[in-house]
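Novice: below: sequence and its predicted model.
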Amino acid sequence: MPKLPLTPMMVQYLVGLCCLKSDPDAVDVTIGDMVYDPAAEKERDVDVTVTITEAGEITHAFKAYEVKREGTPLDVAEVEQLCMKFIDMPSVTHRSIVSASGYTAPARKKAEKHGITLYEFKTWTKPLQEQFPALTMQGTAQECFEMSTTLLCWSQYQLRILAPQATGEFTVLPTDRILDSSRNDHSAYSTFEQYQNELLLRSTKLLLTLVPAATIMDSLPSQNISTIAAGPEWPHSHTLDVISDDVFIEIESGICRIDSVTISGHLQWQRSTGQARYYVIDHVPSGEAFAASVISSPQGDGTMTALVFSPITREIDIRFIRLEKKHQNSIRNLKLKLSE
């Protein structure tokens, strides 16, 4: 399975986690913060702010550059624009830029002139002992922190739909539209294939802690759990009440609501490895590590696991990430805290 691209909002989120981990005095990290600009007489967005309460209140702002520009280093005009933005915000006392694509030489000089600290968000390849000696580990992060995911899956299945309003037999195709009670496109699902995938995921999330799924998971040899690709299959049937989904399909006699769906087939524990991504934020030009993260590929519900590292401590933060739909294109005022 290929790795999914890291979205600009995910870069912004990971930078926020790294900021929280790297500064022991941080009490509040806000992604998509709004900072007042006296020159413009209005609030303007700053991708990540870090608030510290020691010796008064100090704000550090980090600018996470969009991933879609990856491969094109920030040039002098782009850096100058960010410098001017920060200068017009006197409450931002420590100003930094984080780029996922590097910087041109003139851009570095421009940032230095304006007292802007530069960081680069990039793939983490250096051995741990070079940048994170506190971990007392040898080798790269990929060698030391191979992440894998174990999922309960329907390996073979068929669906039986109960729609009492339907008259006679009917067939639903994967490409059929999903409607609401007003015959409009459903707000959450566009096709039956998309709805079916949601039901399969919903089913396994409900079943994974129950017998027999939980019992079979516990019976897998612990010494081999990280190497097996899949466990044994077993037959199962699961009926889901879906009336609250307000899902309607169109058949010859009109539209009818789906009241329940029964999934019958075989379940199986499956494990995937090698899908983690490894990133570090380095200071430019020194190359010293600011912080780093290892992030797993999204699971079926979009949840990812992130390990966050600081070069000055052996403690590793573990975070479970699932960006809401409203955060896919823009993150505003999302706070990260140590107690999260």
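Specialist: Yep, it's here.

Novice: alpha carbons only for contacts and neighbour counts from here, please
Specialist: Will do.

Novice: now for D37: which residues touch it?
Specialist: Taking C-alpha atoms under 8 Å, 6 or more residues apart in numbering, we find D37 in contact with 43-44, 88-90.

Novice: now with 6 Å, please.
Specialist: By C-alpha atoms under 6 Å, 6 or more residues apart in numbering, the residues touching D37 are 43, 88-89.

Novice: neighbours around the nearest residue to it once chain neighbours are set aside, how many?
Specialist: Nearest residue to D37, sequence neighbours excluded (C-alpha to C-alpha, 6 or more residues apart in numbering): M89, at 5.1 Å. M89 has 18 neighbouring residues, counting by other C-alpha atoms under 10 Å.

Novice: returning to what we had before: and the contacts of D37 as TSV, adding distance to E78?
Specialist: Below are the contacts of D37 laid out as TSV (distance: C-alpha to C-alpha, whole Å):
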residue	distance to E78
E43	21
D88	16
M89	17
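
Novice: just curious, which of those is nearest to L220?
Specialist: Lowest distance from L220 to the contacts of D37 (C-alpha to C-alpha) belongs to E43, with 55.3 Å.

Novice: could you list every helix and strand that the helix or strand containing the closest one packs against?
Specialist: Using DSSP states H and E, E43 maps to strand 42-52. Identification of packing neighbours for strand 42-52 by 3 or more C-alpha pairs under 6 Å, 6 or more residues apart in numbering; DSSP states H and E yields strand 26-37, strand 58-64.

Novice: where does the stretch 201-340 of the chain have low pLDDT?
Specialist: Where the stretch 201-340 of the chain drops to pLDDT under 70, the residues are 221-228, 272-274, 299-302, 328, 337-340.

Novice: same thing with the stretch 1-150 of the chain?
Specialist: Scanning the stretch 1-150 of the chain for pLDDT under 70 picks out 1-5, 53-71.

Novice: all helices of it, in order?
Specialist: 8-22, 76-87, 105-113, 128-131, 141-144 (DSSP state H, counting those that start in this stretch).

Novice: which of those sits most buried?
Specialist: Most buried of those, by mean neighbour count (mean count of other C-alpha atoms under 10 Å): helix 8-22, with a mean of 24.

Novice: just the CA coordinates of it, formatted as CSV?
Specialist: Presented in CSV, the C-alpha positions along helix 8-22 are these (Å, rounded to 0.1, in the frame of the first residue of the first chain):
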residue,chain,number,x,y,z
PRO,A,8,-0.3,21.0,4.3
MET,A,9,-2.6,20.8,7.4
MET,A,10,-0.9,17.7,8.7
VAL,A,11,2.5,19.4,8.3
GLN,A,12,1.1,22.3,10.3
TYR,A,13,-0.2,19.9,13.0
LEU,A,14,3.1,18.1,13.3
VAL,A,15,5.0,21.3,13.6
GLY,A,16,2.7,22.2,16.4
LEU,A,17,3.3,18.9,18.2
CYS,A,18,7.1,19.4,17.7
CYS,A,19,6.9,22.9,19.2
LEU,A,20,5.1,21.5,22.2
LYS,A,21,7.6,18.8,22.7
SER,A,22,10.7,20.9,22.1
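
Novice: same for that helix, what does it pack against?
Specialist: Where contact means 3+ C-alpha pairs under 6 Å, 6+ apart, helix 8-22 is not packed against any helix or strand.
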